[in-house]
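Chemist: mind folding the following:
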Amino acid sequence: MTTQKKVLVVDDEQSMRHMLTEMLGQEGYHVDVAADGVEALDKAQDEEYDFILADIRMPRMDGTALLEELRKQSVPSTVILMSAFGDVNTALEAIKRGAYDYIPKPFKSDEIILTLKKADEHIRLLRENALLKTEIKGEYGFEGLITRDPAMQELIKTGRKMAQYKSTVLIVGESGTGKELVAKAVHLSSPWASGNFVAINCGAIPEMLLESELFGHAKGAFTDAHRPKKGLFEEADGGTIFLDEVGELPLMLQVKLLRALQEEEIRRVGDTKSIKVDVRIIAATVRNLETDVQEGKFRSDLFYRLNVLPLYLPALRERKDDIPLLVDHFLKRCSKRLNKPLPTIDNEAMDKLLAYHWPGNVRELENAIERAIVLAEEDRITGNDLPPAIRQGEEACLSDIALDNEISIKKATRAIEERLIRRALEQTGGNRTQASKLLELSHRALLYKIKEYNIED
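Modeler: Modelled structure (predicted):
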């Protein structure tokens, strides 16, 4: 054993105390003894024991009373109870009260050693799991959202409150603002955090396959359905399903999603029976769903069901005070991932980052920092290491698309979107699938915007 584990043996029989002291000492344990629960409680307050091995029947304070007092005083020791008078009910009662296990007397030495080793492994796994959850929460929980912006801080405060309730959350924000990060933070702060977090981009899957992905299918539902398949709602049972780009859902599937929300049940494609699911639903969109409702592109009843708890994510250009914080975070993360020394960033480069309009938001900033780390020499990022659009500065970027006199963020964003779509189509020779990948848009969203901006490719 690498570190000596401490065991407190509690038994009113001196012979039993002696036998266990000898046996456990030979196995490398440090052993102390107590003749009853009162003495054991005093020792547990002065010394920290890994395990307390206690008889149930003792004078003054028996084993179960000792167990209750240890729990009241938050003593972290793992308690294992013993008794010569026990039965199954005694064992179950002991475990119900917080004991790790119960050993009937008489016992073989191997039983005691095996129980202690199992308990030790159980504790180790619990600690590793707690540490892993803390690390995950630190990276993906609300603690991992880097901001000093008042609007973002208010969003985090609201999100923490929302997380405690099963009501549907709708996250609205431009592409690249971090909608999935917020969704994960809500999940990890919720009572459903121990369940799965299942994400699906509703605009990235062909319409004919989307229903099967979401709800699963029965055997023989269609030509290639050789066996039944669970859908993502079933995979998320007891956890959270994140429906990204929910505005891209076809009207037919909007009806089925509404049923899943209202009835908390789904039906696999080709099946005749419904399946109950306990799922927290978080949806996200870049689109104005209220406008889509007015135009008949999105069901009003589904919109009102989704929009119970809305969260509005500000664009990066609206929270520029966060840029230095995010730059520092991405420098550390990307340099570690790329196995490169942590670089510094000069004032000129930082000024250009602060001046840029960031149509791609936080995702674009992270990509720009990763590119700069790869290109930088002597572990120092300069303006020349930044992408061309950022090097030109905001004014050049805007004038390039004839926005010199435009001050409306909404109109400027539309103009930037149109120009970027045209540029992507030019670079891909009109290949819309390739263009959607360059733009980091779903194919369906790109087709919608091509039609909206009347772009001929």
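Chemist: surely residue 48 and residue 74 touch.
Modeler: No: at 12.0 Å, residue 48 does not count as touching residue 74 under the criterion of C-beta atoms under 8 Å. Glycine gets a C-beta too; all of them are placed from N, C-alpha and C.
Chemist: any weak-confidence spans in the chain?
Modeler: Residue ranges of the chain with pLDDT under 70: 1-3, 85-88, 91, 126-141, 393-410, 427, 457.
Chemist: how is this structure divided into domains?
Modeler: According to automatic domain parsing, the chain comprises the domains 6-132, 149-314, 318-452.
Chemist: just the helices in the stretch 201-350 of the chain please.
Modeler: Taking DSSP state H, counting those that start in this stretch as the criterion, the stretch 201-350 of the chain contains helices spanning 207-215, 232-235, 251-263, 289-294, 300-306, 323-337, 347-355.
Chemist: quick one: the longest one to chain centroid distance?
Modeler: The one in question is helix 323-337. When C-alpha coordinates are averaged (C-alpha atoms, centre = their mean, to the nearest Å), helix 323-337 and its chain have centres 20 Å apart.
Chemist: related to what we said a few turns ago, ranking the helices of the stretch 201-350 of the chain by burial, who's on top?
Modeler: helix 232-235 (a mean of 20; mean count of other C-beta atoms under 10 Å).
Chemist: elements contacting that helix?
Modeler: Contacts defined by 3 or more C-beta pairs under 8 Å, 6 or more residues apart in numbering; DSSP states H and E place helix 232-235 against strand 197-201, helix 207-215.
Chemist: dump these to JSON lines, plus distance to residue 223.
Modeler: Output for those, formatted as JSON lines (distance: least, C-beta to C-beta, whole Å):
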{"stretch": "strand 197-201", "distance to residue 223": "23"}
{"stretch": "helix 207-215", "distance to residue 223": "12"}
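Chemist: quick one: closest of those to residue 233.
Modeler: helix 207-215 (6.0 Å; C-beta to C-beta).
Chemist: give me every residue in contact with that closest one, excluding its own residues.
Modeler: With contact meaning C-beta atoms under 8 Å, 6 or more residues apart in numbering, helix 207-215 is reached by 200, 202, 205, 221, 229, 231-233, 249-250, 252-253, 256-257, 260, 266-269.
Chemist: now the angle between helix 251-263 and it, please.
Modeler: 10 degrees (axes from the mean of the first three to the mean of the last three C-alpha atoms, to 10 degrees).
Chemist: tell me how far helix 207-215 lies from the chain's centre.
Modeler: Its chain's average C-alpha position is 24 Å from that of helix 207-215, according to C-alpha atoms, centre = their mean.
Chemist: now swap in stretch 259-272 and tell me
Modeler: Put simply, stretch 259-272 sits 26 Å off its chain's centre (C-alpha atoms, centre = their mean).
Chemist: same question for stretch 185-204.
Modeler: Computed by C-alpha atoms, centre = their mean, the separation of stretch 185-204 from the middle of its chain amounts to 6 Å.
Chemist: next: stretch 353-363.
Modeler: The answer for stretch 353-363 is 25 Å, by C-alpha atoms, centre = their mean.
Chemist: give the buried residues for it.
Modeler: Residues of stretch 353-363 classed as buried: 353, 355, 356, 357, 358, 359, 360, 361, 362 (neighbour count, 16 or more other C-beta atoms under 10 Å).
Chemist: repeat that for stretch 363-380.
Modeler: Neighbour-count burial for stretch 363-380, counted by 16+ other C-beta under 10 Å, picks out 364, 365, 366, 367, 368, 369, 370, 371, 372, 373, 376.
Chemist: I'd say the fifth one and residue 385 touch.
Modeler: Put plainly, it is residue 368. No: taking C-beta under 8 Å as the contact criterion, residue 368 and residue 385 are not neighbours in contact, 9.2 Å apart.
Chemist: residue closest to the middle of this structure?
Modeler: The chain has residue 184 as the residue nearest its centroid, 3.9 Å off, counting by C-alpha atoms, centre = their mean.
Chemist: and it, what element?
Modeler: Using DSSP states H and E, residue 184 maps to helix 179-188.
Chemist: what angle sits between that helix and strand 197-201?
Modeler: On the basis of the same axes, to 10 degrees, helix 179-188 is oriented at 160 degrees to strand 197-201.
Chemist: contacts for helix 179-188, please.
Modeler: 136-137, 140-142, 144-145, 155-156, 159, 162-163, 169, 171, 173, 193, 197, 199, 239-240, 242, 244, 280, 282, 284, 311, 313.
Chemist: which of the buried residues of stretch 363-380 lies closest to residue 292?
Modeler: residue 364 (25.6 Å).
Chemist: so the closest residue to residue 24 other than its chain neighbours is in which element?
Modeler: Of all residues not flanking residue 24 in the chain, residue 31 sits nearest, at 5.0 Å (C-beta to C-beta, 6 or more residues apart in numbering). Assessed by DSSP H and E, residue 31 sits inside strand 30-34.
Chemist: can you give me how far that strand is from the chain middle?
Modeler: 44 Å.
Chemist: run me through the strand neighbours of it, direction for each.
Modeler: When pairing is defined by DSSP bridges, strand 30-34 lines up against strand 6-10 (parallel).
Chemist: which elements pack onto the next helix or strand after the partner strand?
Modeler: Sequence-wise, the next helix or strand downstream of strand 6-10 (DSSP H and E) is helix 14-26. Contacting helix 14-26 under the criterion 3+ C-beta pairs under 8 Å, 6+ apart are the following elements: strand 6-10, strand 30-34, helix 109-140.
Chemist: angle of the helix or strand just after the last one against helix 179-188?
Modeler: Once the chain leaves helix 109-140, the next helix or strand it forms, by DSSP H and E, is helix 150-163. With the same axes, to 10 degrees applied, the angle from helix 150-163 to helix 179-188 works out at 40 degrees.
Chemist: mind giving me the packing neighbours of helix 150-163?
Modeler: For helix 150-163, the elements it packs on are helix 179-188, strand 309-312, judged by 3+ C-beta pairs under 8 Å, 6+ apart.
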